[in-house]
Structure formats: structure tokens, C-alpha cells
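Participant: Output the structure for:
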Amino acid sequence: MKLNLYVLTPKRIIWDCKVKEIILSTNSGQIGVLPNHAPINTAVDMGPLRIRLLNDQYHHFRK
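Facilitator: Predicted coordinates:
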């Protein structure tokens, strides 16, 4: 299974593709999101965003 990931800034879309996993920072630590993940409501914190691509390589966004 795949996730449709869109990373947005106020000015433009900087990422738009299908991925296997997303790992992001929340106010209580990091969380990994996989396809069919249970619904969750959490605040996203400043920090790195790791994306596992379909070829199992990771892409990192850092501020």
C-alpha cells in the first residue's frame, strides 16, 4: 500500500508523490505513519520530516 503525500508551504507545494511511510515530529515525540494507520489527531512540531520512498530509500526535510 501507498500513501499520497503532499508537503505544503504558504507559497507552494514542495512535495507531491506516493510514499511508504512518513515520520514526523509531534509535541510528544516522533510518530511514524503507515498506510491504513489508525486515525490520529496531534499537533505537528518543528523538526525533521523523514519520508520512506517506494524504493525504500529515505528523503529528509530539515529546517
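
Participant: who touches the residue nearest to Ile22 when sequence neighbours are not counted in this structure?
Facilitator: The shortest distance from Ile22 to any non-neighbouring residue, by CB to CB, 6 or more residues apart in numbering, is to Val33 (4.6 Å). Yep, even glycine has a C-beta here, placed from its N, CA and C like the rest. Neighbouring residues of Val33 by CB atoms under 8 Å, 6 or more residues apart in numbering: Leu3, Glu21, Ile22, Ile23, Leu24, Ile40.

Participant: Give me the lowest-pLDDT entry from the residues you listed.
Facilitator: Scanning the contacts of Val33 for pLDDT, the low point is Ile40. It has 88.

Participant: Which element, helix or strand, includes it?
Facilitator: Here Ile40 is covered by no helix or strand, with elements defined by DSSP states H and E.

Participant: quick one: Val19 from Asn41, how far?
Facilitator: To Asn41, Val19 is 21 Å away according to CB to CB, to the nearest Å.

Participant: Between those two, tell me which one has more neighbours.
Facilitator: When neighbours are counted by other CB atoms under 10 Å, Val19 and Asn41 differ, and Val19 comes out ahead with 18 against 4.

Participant: May I have the beta-bridge partners of that one?
Facilitator: Per DSSP bridges, the residues bridged to Val19 are Leu3.

Participant: Could you tell me the per-residue confidence at the residue nearest to Leu5 when sequence neighbours are not counted?
Facilitator: Spatial nearest neighbour of Leu5, excluding adjacent residues (CB to CB, 6+ apart): Val19 at 4.8 Å. With respect to pLDDT, Val19 scores 97.

Participant: quick one, what contacts Val19?
Facilitator: By CB under 8 Å, 6+ apart, Val19 lies in contact with Lys2, Leu3, Leu5, Ile51, Arg52, Leu53, Leu54.

Participant: Specify which member of those is nearest to Phe61.
Facilitator: Nearest to Phe61 out of those is Ile51 (CB to CB; 7.5 Å).

Participant: State the three-state secondary structure for that closest one.
Facilitator: Judged by DSSP: H, G, I helix; E, B strand; the rest coil, the three-state class of Ile51 is strand.
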